[in-house]
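>>> Fold the following and give me the result.
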Amino acid sequence: MAATIAASVVQSRLDYVNALLYGTLAGNIHKLQCAQNSLSRVVLPHHLGSSSSRLSHLHWLPVHRRIQFKIALITYKTLSTDQPPYLSSLLHPYRPSRSLRSANRNLLLIPPHITNFSRRAFSFTALTLWNQLPTCIWESNTLHTFKRRLKSHLTFLPS
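Here you go, the predicted structure:
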């Protein structure tokens, strides 16, 4: 019951507009990670081990992976439904000018960005993260399958 309350009350606060935190300073992410680690100690007070083992036991992603998860999830939902229009207008399929092997993949066209600040925008981060995903993830037929595969993929990525 503590895990459910923690996930619904505190994790939702940690997730609030976390897509804006992509590419922010490591110190900011560290502060959120400390909050999540403290929460895991409250939920599992008798669990001996590191913070990462508690997060794994609770099936929680670390904050920086949770941010990537949310951005990829928004991208999947937008591509699946073409909604909302203001986001779907930012997602364009990659069409190479000549015959390439990458033409068969479901890649998205990444527009050029000049500043580091513009690299933090959804129009860049969503496309970059999407293109880095393995094919089996973005070819998922349902939202549930996509979430499960994405979470497994992000769990086993090296930090």
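>>> Can I get the least confident helix or strand in the chain by mean pLDDT in PDB? Just the C-alpha atoms.
Confidence across the helices and strands of the chain bottoms out at helix 2-5, with a mean of 80, counting by mean pLDDT, DSSP states H and E. Provided in PDB are the C-alpha atoms of helix 2-5 (Å, rounded to 0.1, in the frame of the first residue of the first chain):
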ATOM      1  CA  ALA A   2       2.900   2.400   0.700                       C
ATOM      2  CA  ALA A   3       4.200   1.800  -2.800                       C
ATOM      3  CA  THR A   4       0.900   2.700  -4.300                       C
ATOM      4  CA  ILE A   5       0.500   5.900  -2.300                       C
END
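>>> ok, then the element right after it?
Following helix 2-5 in sequence order, the next helix or strand is helix 12-15 (DSSP states H and E).
>>> Can you list the neighbours in contact with that next one?
32, 35-36, 63, 66, 70 (C-beta atoms under 8 Å, 6 or more residues apart in numbering). All C-beta spots, glycine's among them, are computed from the backbone N, C-alpha and C.
>>> Buried ones among those?
Among the contacts of helix 12-15, those classed as buried by 16 or more other C-beta atoms under 10 Å are 32, 36, 63, 66, 70.
>>> So which of the residues you listed belong to helices?
Assigned to helices by DSSP state H, the following of these qualify: 32, 36, 63, 66, 70.
>>> and the residue lying closest to Pro134 once chain neighbours are set aside, what are its phi and psi?
Spatially, and ignoring its direct neighbours in sequence, Pro134 is nearest to His153 (6.6 Å; C-beta to C-beta, 6 or more residues apart in numbering). Note on His153: backbone dihedrals following degrees, to the nearest 10 are phi -60, psi -50.
>>> what's the least confident helix or strand of the chain packed up against?
Using 3 or more C-beta pairs under 8 Å, 6 or more residues apart in numbering; DSSP states H and E as the contact test, the elements touching helix 2-5 are helix 26-43.
>>> who does the helix it packs on touch, helix- and strand-wise?
helix 2-5, helix 12-15, helix 51-58, helix 63-81.
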